[in-house]
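Peer 1: Take this sequence and fold it.
(chains A and B)
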There are 2 protein chains.
Amino acid sequence: MAHQCALVSAVMKERYFDDVKVGDRFKSEPLRVTEKKLIEFAHKFDPQMFHLSRKSAERTVFKGLIASGWHTAAMTMRQFVQTLNFAKGAIGLGVDKLRWPNAVRPGDVLTVETKILGVRLSRSRPRYAIIRLRNVTTNQRGEVVQTMLANAMVRRRLRRRPLHESDARTHRTPKHGVRN
Amino acid sequence: MAHQCALVSAVMKERYFDDVKVGDRFKSEPLRVTEKKLIEFAHKFDPQMFHLSRKSAERTVFKGLIASGWHTAAMTMRQFVQTLNFAKGAIGLGVDKLRWPNAVRPGDVLTVETKILGVRLSRSRPRYAIIRLRNVTTNQRGEVVQTMLANAMVRRRLRRRPLHESDARTHRTPKHGVRN
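Peer 2: This is a model prediction of the structure:
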């Protein structure tokens, strides 16, 4: 019960860059993968026989339905976003070493653990900073189903500053995506 | 018209490892990103203010709705799967250098170009081989919205073999994901 309360409080709190440091770990709430949602995702985004139906999947090397790796990645993002809950969002700059060491199957319950690997201020945006993180997604048996490294741009906590200090350059619309 | 026919024929053909070689390039059919689908994906997988609604997105650094990078990745997978159309599917082993240099906005029309960077036989599965590829996703203005490198396991074309040759080891169910 205490464990559940800690999770809820983690979900509700809006976080800023200033609230995390290298080595911090965050654990998401569990998310159940239903057969219906697994198949729905596959029809939209990954129409391959091991994702589309029980029947077609039985004839594949996996001997049954498995989730698209991109579905696992998308579910992991949802869990990451809800757990870390950065104020103004976490803007993904890039992902590396995205791996799926075990298959995700219908009924699996996934949990994401996020570890902060690095922090630095943004070079071009004074109000932002960059965090480097590792997300590890595990199933209900503790088997790792996905690992990844990512860089994300998040907001720094605003502090009162003298009026003559201009914030003009922090309000630019990025022309070519987001530079860090 | 000739161009469209070539694309249709590319979509229909089932491909095997033996049909691709290093340097080959494949171009997908275009895929339009609607505002409805962009928002729907965000609600399910990436509930951040720059993805969820026009109104909330206008107050962000992007000054309007943009697609989740994971939505772009998922759409790219769909286009890749339909274009290459590997017999028995393409099993993703891992992804590196996933980047989103420009934002995807409602109404954008995306095209994926796949380039084969490397090919090798599977060490543990005689019927399979590994391709290394780069997917570049561009919008209707030719701006790159996503780049990635990936390894995928695909089937080799079956050849008639002497009866005494056993295929037993090719039928194992992978216990821990898929080893290459």
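Peer 1: Helix B:69-84 and the helix ranked longest in chain A, what's the angle between them?
Peer 2: Counting residues, the longest helix found in chain A (DSSP state H) is helix A:69-84. Helix A:69-84 runs at 180 degrees relative to helix B:69-84, counting by axes from the mean of the first three to the mean of the last three C-alpha atoms, to 10 degrees.
Peer 1: While we're on the most centrally placed residue in chain A, how confident is the model there?
Peer 2: Chain A has residue A:77 as the residue nearest its centroid, 2.9 Å off, counting by C-alpha atoms, centre = their mean. On pLDDT, residue A:77 comes in at 98.
Peer 1: Would you mind measuring from it to residue B:70?
Peer 2: Separation of residue A:77 from residue B:70 (C-beta to C-beta, to the nearest Å): 5 Å. (C-beta placed from N, C-alpha, C; glycine too.)
Peer 1: Please enumerate the shared neighbours of these two.
Peer 2: Listed as contacting both residue A:77 and residue B:70 by C-beta atoms under 8 Å, 6 or more residues apart in numbering or on different chains are B:45-46.
Peer 1: name the element residue A:37 belongs to?
Peer 2: Residue A:37 is part of helix A:35-45 when elements are defined by DSSP states H and E.
Peer 1: Next secondary structure element downstream of that helix?
Peer 2: Once helix A:35-45 ends, the next helix or strand along the chain (criterion: DSSP H and E) is helix A:49-52.
Peer 1: Run a quick neighbour tally on residue A:124.
Peer 2: Using other C-beta atoms under 10 Å in any protein chain shown, residue A:124 has 12 other residues around it.
Peer 1: Going by residue numbers, what spans are strands in chain A?
Peer 2: Secondary structure of chain A by DSSP state E: the strands cover A:25-27, A:31-32, A:91-99, A:109-121, A:128-138, A:144-155.
Peer 1: Indicate which one of those strands is closest to chain B.
Peer 2: Chain B lies closest to strand A:91-99 among those, at 4.1 Å (C-beta to the nearest C-beta).
Peer 1: do the closest one and chain B meet?
Peer 2: Yes: under the criterion of C-beta under 8 Å from any C-beta of the partner chain, chain B is reached by strand A:91-99 at A:91-99.
Peer 1: Would you mind checking those residues for buried ones?
Peer 2: The neighbour count (16 or more other C-beta atoms under 10 Å in any protein chain shown) marks A:91-96, A:98-99 as buried among those.
Peer 1: and which of those is nearest residue A:150?
Peer 2: residue A:95 (4.8 Å; C-beta to C-beta).
Peer 1: Who are the contact partners of that closest one?
Peer 2: Counted by C-beta under 8 Å, 6+ apart, residue A:95 has contacts A:148-150, B:69, B:95, B:98.
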